[in-house]
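> Requesting a structural model of the entry that follows:
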Amino acid sequence: MRRQRTELQAWLCGEIVLSGLLAASLALLLTYPALRAEYDRPQLLLVLETTMALAGILVALLAGVRFSVTGLRTDLLLAAGFLIWSLSTMAFAIVPVLEGGSLSRADGWAALAGGIAGQGLIAAAPFVGGRSRLRDRAVRDTVLVAAVALAALWVLLRAHGGALPTLTAPPGVADAPRGLASALAVQALLDLLAVVGWGRRFAKTGDDLAPWLALGFTLQGFAALHLVFTPPRGTTYVVAGDYLRMLAFALMLVGAWRAIRSAELGRAIAEERARVAREIHDGLAQYLFAVSTHAQMLEAGTPVDEVGPQLKEAAALAQQEARFAILALSSASGTAPFDSALRRYVEFLTADGELAVDLEIDPGIRLAPDEQIEIFRIVQEGLGNVRRHANATHADVVVGRRVSGERFVAIEDDGEGFPPEAPTAGHGLRNMRARASSIDGGFSIRSTPGLGTALEVVLRT
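The predicted structure follows:
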C-alpha cells in the first residue's frame, strides 16, 4: 500500500510538471508568434503519421494480449480504441498520400473522425468494469465492427465532401477554422477525460499501464490545443502539435510494453502461485490435521485396529494433495500433470470398491493452469457428493470437447437423484458453482429421482 501511494504521488508530480511545461510552451508560442515553426515537409509528415499509426497498432495488440489473459472489458475497449484510431490514420491519412494523391477534405475528416471515435473508447475504458467470458469472439467482433465502422465513415464523408470545412487555416487567419477547431476541442476534452479516468484507475487499482496512458493523453490534449491555436497552413505542413502527438504515442507504447511485459504477466504468475498456495492450505492442511489427531489418539491408548485405517487413509489423502499441489505449481503448459493427478485421485477414491468411476479426458483438450486446479476441485467435490449422498454404484466423469469446440466437464451418477423442487444449495454445490464462476465457466445440474444426477461445467471459450 505504501509503495502504491509513493508511485501515485510520483505520477501526480510528473503530471503537474508536464502539464505546466506544456501550458507554458503553448502560452509562449501564442505570445510570440515569431517562435512558431512550421515546415512544408510532406515526406516528414508521412513518416510521423506512419510511425504513430504503427505505434497505435502495437499498443492495440499489447492491450489485446492482456485482454486474452485477464478478460477485462477495460482492456478490450483500450485495444478497440487504439485499433480504430490507428486504422483510420492508415486508411485515410497515409494510403491516399502513398498512392500519389493529396489529402482530400473527406479523407482528412475521416482520419480526424476515426481518431475521435478511438479516443472516445479509450477515454471510456477506465470507467468500464467487469470481465468478458467470450474472449476470442469479443476480439473478432471488435475487429469486424471497427472495419465496418471505418468503411461506413469513409462512404458517408465522401458523399458529403463538398460541404466539409477546410482542414487548414486560410492565409492571414491565426487560428483554426470553426469546424476544425470544434473537432479539435472535442479531442482535447476526450484527452482530458482519459487523463482523469486513467489517473483514477491507477489510484484505485494500481494498474501499471494507467499512468503511462494518462501522461500520453496529457501530451495528446496539448497537441490538440496547439493545432487549435497554431494550425498548419496546409495539409503537408509539420507543426509543433505533430511532434507532441509523436511523443505521446512513443510514451504510451513504451508504457504498454513495460507494464504488460514486466508487471502484468509477473502479477499473473504471482496470483497463480498464491492460488495454489491457498489450495495447499485448504486441502493439505486438513488432512495433516487429521493425521495429527489420529496420532494423538494412538498416543492416548486408542487401539491400533480402530485408528490405523483412518490414519492410513488420511496420510494417503495428504500425500495425494501434496502431489497435486506440486504438479499444479509446475503446470506451465499442457495437461499431463492434471491428467495424472486426476486419475490417481479416482484410483484412490475407488480402491475400496464401493464406487466405480469411469474417467475420460480428451487428449487434445487444453486447460489453463487456473482451470486445471478448479476442475480438479470440482471433480473432487462432485465425486465426494456422489459417494456420500447419492448411494450410487457408478459415476462417469468426462473432461472433453464438443464438435463446436466447446470445452466441458461432466459428472453423472446412477444414484438416487432428487426431485427438481428440492433445494440444491448445499455447501458442495455452492463451492462448485463458485469454482466454475472463478474460471468464467457456466454451471448446470439436473437430477431425476431414481435416475441419478448429472452436472456440467462449460468452460470459457
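> For the residue in the chain sticking out farthest from the centre, which three-state class applies?
Using Cα atoms, centre = their mean, the residue of the chain lying farthest from its centre is residue 301. It sits 57.8 Å away. The three-state label given to residue 301 by DSSP: H, G, I helix; E, B strand; the rest coil is coil.
> pLDDT score for it?
pLDDT, residue 301: 78.
> check contacts around it.
By Cβ atoms under 8 Å, 6 or more residues apart in numbering, no residues touch residue 301. For every residue, glycine as well, the C-beta is placed using N, CA and C.
> And it, its phi and psi?
phi 100, psi 10 (degrees, to the nearest 10).
> Identify each buried residue in stretch 401-419, please.
By neighbour count with 16 or more other Cβ atoms under 10 Å, stretch 401-419 contains the buried residues 407-418.
> Same list (the residues you listed) but as TSV, adding distance to residue 380 and secondary structure.
Formatted as TSV, the buried residues of stretch 401-419 follow (distance: Cβ to Cβ, whole Å; DSSP: H, G, I helix; E, B strand; the rest coil):
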residue	distance to residue 380	secondary structure
407	19	strand
408	17	strand
409	12	strand
410	15	strand
411	10	strand
412	16	strand
413	15	strand
414	20	coil
415	17	coil
416	21	coil
417	21	coil
418	21	coil
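> Okay, and the residue nearest the centre of the chain sits in which element?
Geometric centre of the chain, nearest residue: residue 67, 2.5 Å, by Cα atoms, centre = their mean. Assigned by DSSP states H and E, residue 67 belongs to helix 42-70.
> Past that helix, which element shows up next along the chain?
helix 73-89.
> Against which helices or strands is the very next helix or strand once past that following helix packed?
Downstream of helix 73-89, the next assigned helix or strand under DSSP H and E is helix 95-98. Judged by 3 or more Cβ pairs under 8 Å, 6 or more residues apart in numbering; DSSP states H and E, helix 95-98 is in contact with helix 42-70.
> buried stuff in the helix it packs on?
Judged by neighbour count using 16+ other Cβ under 10 Å, the buried positions of helix 42-70 are 42, 45-46, 48-50, 52-53, 55-60, 62-67, 70.
> Helix 73-89 and that one, what's the angle between them?
Here the directions of helix 42-70 and helix 73-89 differ by 160 degrees (axes from the mean of the first three to the mean of the last three Cα atoms, to 10 degrees).
> Output the contacting helices and strands for helix 42-70.
Secondary-structure packing of helix 42-70 (3+ Cβ pairs under 8 Å, 6+ apart): helix 73-89, helix 95-98, helix 135-159, strand 237-238, helix 240-258, helix 265-279.
> For it, give the mean pLDDT please.
Here the average pLDDT along helix 42-70 is 81.
> Can you give the distance of it from its chain's centre?
Taking the mean of its C-alpha atoms, helix 42-70 sits 18 Å from the chain's own mean (Cα atoms, centre = their mean, to the nearest Å).
> Repeat that for stretch 88-100.
Remark: stretch 88-100 is offset 31 Å from the chain centroid, using Cα atoms, centre = their mean.
> Neighbours of residue 143, how many?
In terms of burial, residue 143 registers 17 neighbours under the definition other Cβ atoms under 10 Å.
> roughly how far apart are the closest residue to it other than its chain neighbours and residue 224?
Using Cβ to Cβ, 6 or more residues apart in numbering and skipping residues adjacent in sequence, the residue nearest residue 143 is residue 83, 7.0 Å away. The gap separating residue 83 from residue 224 is 20 Å, by Cβ to Cβ, to the nearest Å.
> Now residue 114. Nearest residue, chain neighbours left out?
residue 88 (2.3 Å).
> Repeat that for residue 390.
Spatial nearest neighbour of residue 390, chain neighbours left out: residue 415 (2.8 Å); criterion: Cβ to Cβ, 6+ apart.
> what does residue 251 give?
In space, and not counting its chain neighbours, residue 251 is closest to residue 216: 4.7 Å by Cβ to Cβ, 6+ apart.
> my guess is that neighbour meets residue 249, correct?
Yes - assessed by Cβ atoms under 8 Å, residue 216 is found in contact with residue 249 at 7.2 Å.
> Give me the secondary structure label for residue 443.
Classified using three-state DSSP, residue 443 is strand.
> From residue 155, how far out is the closest residue to it other than its chain neighbours?
Once flanking residues are discounted, residue 443 sits nearest to residue 436: 4.1 Å by Cβ to Cβ, 6+ apart. When distance is defined by Cβ to Cβ, residue 436 is 45 Å away from residue 155.
> What's the separation between residue 240 and residue 29?
7 Å.
> Listing request: residues of the stretch 1-150 of the chain with sub-threshold pLDDT.
In the predicted model, the stretch 1-150 of the chain carries pLDDT under 70 at residues 1-5, 35-40, 100-102, 134-136.
> all strands of the stretch 301-450 of the chain, in order?
Here the stretch 301-450 of the chain has its strands, by DSSP state E, counting those that start in this stretch, at 356-361, 394-401, 407-413, 442-448.
> can you redo those as a markdown table with mean pLDDT and distance to residue 14?
Shown next, in a markdown table, are the strands of the stretch 301-450 of the chain (pLDDT from 0 to 100; distance: least, Cβ to Cβ, whole Å):
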| stretch | mean pLDDT | distance to residue 14 |
| --- | --- | --- |
| strand 356-361 | 92 | 52 |
| strand 394-401 | 92 | 49 |
| strand 407-413 | 93 | 45 |
| strand 442-448 | 89 | 44 |
